[in-house]
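>>> Test case, fold it:
(2 chains)
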Amino acid sequence: MSTMKIRILLAKPGLDGHDRGAKVLARSFRDAGFEVIYTGCHQSPEQIASIAIQEDVDVVGLSCLSGAHRYLFPEVAKLLKEREAEDIIVIGGGIIPEQDMPALYEAGLKGIFTPGTTLDSIVAWVHANVTPRA
Amino acid sequence: MVELSEKVLAGNIRAASRLIRNLEDQIPDTNAAMRELFTTTGESHVIGITGAPGAGKSTLTDELIAALRKKDKSIGVLAVDPTSPFSGGAILGDRIRMLRHSEDKEVFVRSLATRGSMGGLSKAVGEGILVMEALGKEKVIVETCGVGQQEVDIINHAHTVIVVLVPGMGDDIQAIKAGLMEIADIFVINKADRDGAAKLYQEVLNVVAMSKKNSDSTDDCWTIPILKIEGVLPPQEFAKSVEALSNKIEEHYQYLVKSNRLAERKRRKRKAELNEALWATIFQPVLHELNANGQMEKMVDQLLNREVDPYTLAEEVAQRYMKK
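Okay, here's the model as predicted:
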């Protein structure tokens, strides 16, 4: 009788204030039946980690267009690990150069989505890779 | 499960958040954890904030958290947003306005979706309050999603209800209809710099003047305050006007304690909890079974073909499941 739902936190860390893409993605996730916790722009990795824990999300989706992904994305993954929440899957999107990807995966990110990725394929990725409340 | 409740009682946020999620997802056996927590609950002051979408509830909540933190209260917030009737998904966006508290260890904010409830709150909200109480939160703020006129579930769960209004809500007949306008312990007229604020104030004043709570002749009556907050205030003045609100909330709580009305409200809250538990234990499994074995659709077919009426079907189902 249970009705499990995938819960996703969508956040924009750092100084980047362009959140149209994140909002479009939030809506796609909503239409896919997920519960999306949307926090808007300008958060610190600490804020994002602590919100992810308070909201008991399955996935943290980070969006960054400013070039600071190399610091911000791994930092979120690290903080989640420190708080014994490494089971929360971290994914990232935005302007991410190909050569930065290995380091991000190394840091614990499970998926990286760059411009041109279709919304449907991101939703499909979540369905394929996320079991609610793993 | 029992392990989960132990962790909650020890103040573990991750466990509390997981327990709330179990309640939302209706995971079997969550009752066991709640049973353990129940005896530790019932001490928090529950504050409900309700009003139309866009009335400014989240921004008020954020400032209210700040005001209560100045008084050194530990705070739990449940922020409710609507579930899509089509996809079952939801965008829970009230945290956007509460980011400055996200690292304060004494503030636990949890977003909830309505998940198809009609009065604006899901069963998990009432239970979420209990979890917040078990965590030892002195003040629990429930920010309802702005579903409008019939959003009155909150009175069953909150001790102090704040109704947030903004100018432009309609004519004076709206103000005397049943529902939202009746449930306020405190009115806030937000964005009071806008056109129509004076008229709205007058209408709310009339509502308050005729309110039953006011006509109790004795001195233990509560005069429903109407606070005006302007939308364009600079941050410090905004903080000051919300501090006035937080003082009124405290005053109301003291009034509830002194007048013994708190006992009434607690009774109402317990009754709502029992009602919800009964619904989940008796009615929901029946619905679930009828849906799962295809009988629901069969009955709908019968209705479409006008072979039978819904009253007969309901009686048949009742007879099957209820043994008197």
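
>>> tell me which parts of the stretch 201-324 of chain B are close to chain A?
Contact residues, the stretch 201-324 of chain B versus chain A (Cβ under 8 Å from any Cβ of the partner chain): B:Q284, B:P285, B:H288. (C-beta placed from N, C-alpha, C; glycine too.)

>>> would JSON lines of the residues you listed with pLDDT be doable?
Shown next, in JSON lines, are those (pLDDT from 0 to 100):
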{"residue": "B:Q284", "pLDDT": "84"}
{"residue": "B:P285", "pLDDT": "88"}
{"residue": "B:H288", "pLDDT": "89"}
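
>>> and these as a markdown table, adding secondary structure and neighbour count?
Converted to a markdown table, those look like this (DSSP: H, G, I helix; E, B strand; the rest coil; neighbours: other Cβ atoms under 10 Å in any protein chain shown):
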| residue | secondary structure | neighbour count |
| --- | --- | --- |
| B:Q284 | helix | 14 |
| B:P285 | helix | 12 |
| B:H288 | helix | 13 |
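
>>> Next, A:I37: phi, psi?
When read as degrees, to the nearest 10, the backbone of A:I37 gives phi -100, psi 110.

>>> Test my guess that it contacts A:I51.
Yes - using Cβ atoms under 8 Å, A:I37 is in contact with A:I51, at 7.1 Å.

>>> Make a markdown table out of the residues of the stretch 201-324 of chain B next to chain A and add distance to B:E127.
Below are these laid out as a markdown table (distance: Cβ to Cβ, whole Å):
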| residue | distance to B:E127 |
| --- | --- |
| B:Q284 | 14 |
| B:P285 | 18 |
| B:H288 | 19 |
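
>>> which one among the residues you listed gets closest to chain A?
B:H288 (5.0 Å; Cβ to the nearest Cβ).

>>> show me where the stretch 151-300 of chain B has strands.
B:160-165, B:186-190, B:226-229 (DSSP state E, counting those that start in this stretch).

>>> from the middle of its chain, how far away would stretch A:94-103 be?
Remark: stretch A:94-103 is offset 15 Å from the chain centroid, using Cα atoms, centre = their mean, to the nearest Å.

>>> pLDDT of that stretch, averaged?
What stretch A:94-103 shows for mean pLDDT is 95.

>>> for B:L19, what are its contacts?
Contact analysis of B:L19 by Cβ atoms under 8 Å, 6 or more residues apart in numbering or on different chains lists B:L4, B:S5, B:V8, B:T30, B:A33, B:V131.

>>> Out of those residues, which two sit at the greatest distance?
Of all pairs drawn from the contacts of B:L19, the greatest distance, 11.9 Å, lies between B:V8 and B:T30 (Cβ to Cβ).

>>> Of the two, give the one with the bigger neighbour count.
B:V8 (27 against 22; other Cβ atoms under 10 Å in any protein chain shown).

>>> List just the nearest of the residues of the stretch 201-324 of chain B next to chain A to A:F113.
For these, the nearest to A:F113 is B:H288 (37.2 Å; Cβ to Cβ).

>>> one step back: closest one to B:E297 among the strands of the stretch 151-300 of chain B?
Of these, nearest to B:E297 by Cβ to Cβ is strand B:160-165, at 40.3 Å.

>>> Show me what B:V163 is bridged to.
B:T50, B:F187 (DSSP bridges).
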